[in-house]
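Trainee: What would the 3D arrangement of this be:
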Amino acid sequence: MSRVTYTNTPDRVDQEQIRATHHVRLVQANEEGTGVNALPRGVYGYTYSPGLPNAPLFAVRRYRSYETHKLADGEVLVIGYADVTTAAQIETASSDLSVVVYPQAGQDSSVLVQIPYSRIRQNRQHAAPNQDGFLVTLAPAAN
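Mentor: Numbers count the residues shown, from 1 in each chain. Sure thing, here's the model as predicted:
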């Protein structure tokens, strides 16, 4: 039986830019493992539990973990990737919308998207480190 080794995924320029735009800093060592709901505002980290109110954040990106930002106003965002059509639908949906978002860019999912927790209607409520994508139903976009 062979052993699978996962390497960490390097940051992309678009991720670095969105962190600067959101004015977030990486969770500190003493904050790691704390639920996003209990962390101070203005932080980001990585989790296998996107969309959970108490998703624990960690400082190191691991295979298929989702970047999560807690903004200065308290809003929490899941940062992920989708295809062009899905990304446009997320931005303009006039009714509830179910989408799959991926933790890293891929051949068919190269557009960075932000999923505000305030728009999440339904998602699978468990940690899923081996799940390929995050299936979530969103409320309509604010226009």
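
Trainee: what's the lowest-mean-pLDDT helix or strand in the chain packed up against?
Mentor: The helix or strand of the chain with the poorest confidence is strand 120-123; it has a mean of 80 (mean pLDDT, DSSP states H and E). The contact analysis (3 or more Cβ pairs under 8 Å, 6 or more residues apart in numbering; DSSP states H and E) places strand 120-123 against strand 134-138. Heads up, the C-betas are built off the backbone N, CA and C, glycines and all.

Trainee: Name the residues of the strand it packs on that are buried.
Mentor: By neighbour count on 16 or more other Cβ atoms under 10 Å, the buried set for strand 134-138 is 134, 136, 138.

Trainee: What pairs with the least confident helix or strand of the chain, parallel or antiparallel?
Mentor: If you go by DSSP bridges, strand 120-123 pairs up with strand 134-138 (antiparallel).

Trainee: List the contacts of the partner strand.
Mentor: Identification of contacts with strand 134-138 by Cβ atoms under 8 Å, 6 or more residues apart in numbering yields 50-51, 66, 78, 80, 90, 93, 96-103, 115, 119-124, 128.

Trainee: In PyMOL, how would I select the buried members of the residues you listed?
Mentor: The buried subset of the contacts of strand 134-138, as determined by 16+ other Cβ under 10 Å, is captured in PyMOL by this line:
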select buried, resi 50+51+66+78+80+90+93+97+99+101+102+103+115+119+120+123
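
Trainee: So which of the contacts of strand 134-138 are in helices?
Mentor: Members of the contacts of strand 134-138 lying in helices (criterion: DSSP state H): residue 90.

Trainee: Can you list the residue ranges for strands in this structure?
Mentor: With strands called from DSSP state E, the chain shows them at 25-26, 43-47, 66-70, 76-82, 97-101, 111-116, 120-123, 134-138.
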